[in-house]
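Undergrad: My questions concern the predicted model and sequence given below.
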Amino acid sequence: MKLYDELAEWWPLFSAPDDYAEEAAFFARVLTDACEPAPRTVLELGSGGGNNALHLKSKFEMTLVDLSPHMLAVSRKLNPECEHRVGDMRTVNLGRTFDAVFIHDAIAYMTSEAALGAAVSNAYRHCRAGGVVLFVPDRVRETFVAETKHGGHDGDDGRGLRYLMWTVDPEPTDTTYRTDFAIMLREQNGDTGVTHDYHIEGLFPRAEWMRLLREAGFEARSLTDEWGREIFVAKRSR
């Protein structure tokens with residue numbers, strides 16, 4: 001996936017950190033309301049370029065884990081005071097627990113039941129008793145809608161990025177969908193180029209989510225957030 005590798009340095013122009021403020025405030029409220037006592041330490045698995053952490057770190061002590069060292073390099077510039085660790089959300093072992101665990105849309109890269117179950121179980125292992133894990137998938141099977149979107153930003157350094165995103169589900173009977181990106185980049189000297197990237201992402205029914213959460217040991221519920229996504233709040237009671 002080029003976005004998280006060779007194009008990682010362009011990430012702030014693809015997805016601007018300031019655009020995450022409202023969502024991050026919502027996530028902070030959910031974590032605080034669901035956790036007993038209120039959380040102080042939060043582990044973010046699949047933290048990417050650190051856009052959520054930028055807004056959450058004023059409320060929590062954030063530890064950030066991502067599979068891509070390139071994306072962590074972007075995040076370190078944005079969040080130098082946070083601990084950063086390279087790791088796979090399915091297998092990373094930090095050797096300690098946290099008051100809360102947060103997994104944003106990176107959970108979409110779990111494309112099989114086994115992979116999703118491993119990520120859920122690992123989140124459980126890193127969550128203290130009485131703590132909470134918040135999962136924020138872009139879609140569940142019941143809410144999937146094929147769509148196209150576009151976006152991008154200009155940087156203060158003269159660079160710019162624009163993209164067209166096309167999301168489809170070629171095979172509705174499996175557990176994946178596909179997103180293609182056409183990305184135009186403008187360098188500081190004005191030169192432009194276009195690249196194609198595609199991502200295969202996981203898609204699971206609500207019932208499958210709830211089953212995996214219960215089997216891991218969570219007391220779980222789903223809710224629809226302010227942006228129409230169905231998200232999962234999972235509490236570790238013991």
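TA: Happy to help now that I have it. Numbers count the residues shown, from 1 in each chain.

Undergrad: Would you mind splitting the protein into its domains for me?
TA: 17-139+204-235, 141-202 (automatic domain parsing).

Undergrad: Which of those sits closest to residue 10?
TA: domain 141-202 (5.5 Å; Cβ to Cβ). Any C-beta I mention is one placed from the backbone N, CA and C, and that applies to glycine too.

Undergrad: what mean pLDDT does the closest one have?
TA: Domain 141-202 comes out with an average pLDDT of 97.

Undergrad: now do the same end-to-end measure for that domain.
TA: 9 Å (Cα to Cα, to the nearest Å).

Undergrad: can you give me how far that domain is from the chain middle?
TA: 16 Å (Cα atoms, centre = their mean, to the nearest Å).

Undergrad: what's near enough to touch the residue of the chain positioned farthest from its centre?
TA: Residue farthest from the centre of the chain, counting by Cα atoms, centre = their mean, is residue 189 at 32.8 Å. Shown in contact with residue 189 (Cβ atoms under 8 Å, 6 or more residues apart in numbering): residue 158.

Undergrad: Try it again at 10 Å.
TA: Residue 189 sits next to 158-159 when contact means Cβ atoms under 10 Å, 6 or more residues apart in numbering.

Undergrad: ok, now the one 10 residues further on?
TA: By Cβ under 10 Å, 6+ apart, the residues touching residue 199 are 1-4, 108-109, 111, 165, 167, 176-181.

Undergrad: re the thing from before, the residue farthest from the centre of the chain should be in a strand, yeah?
TA: No. The assignment for residue 189, made by DSSP: H, G, I helix; E, B strand; the rest coil, is coil rather than a strand.

Undergrad: Next one: it relative to residue 152, how far apart?
TA: Here residue 189 is placed at a distance of 19 Å from residue 152 (Cβ to Cβ, to the nearest Å).

Undergrad: Residue 90 too?
TA: Distance from residue 90 to residue 152, by Cβ to Cβ: 31 Å.
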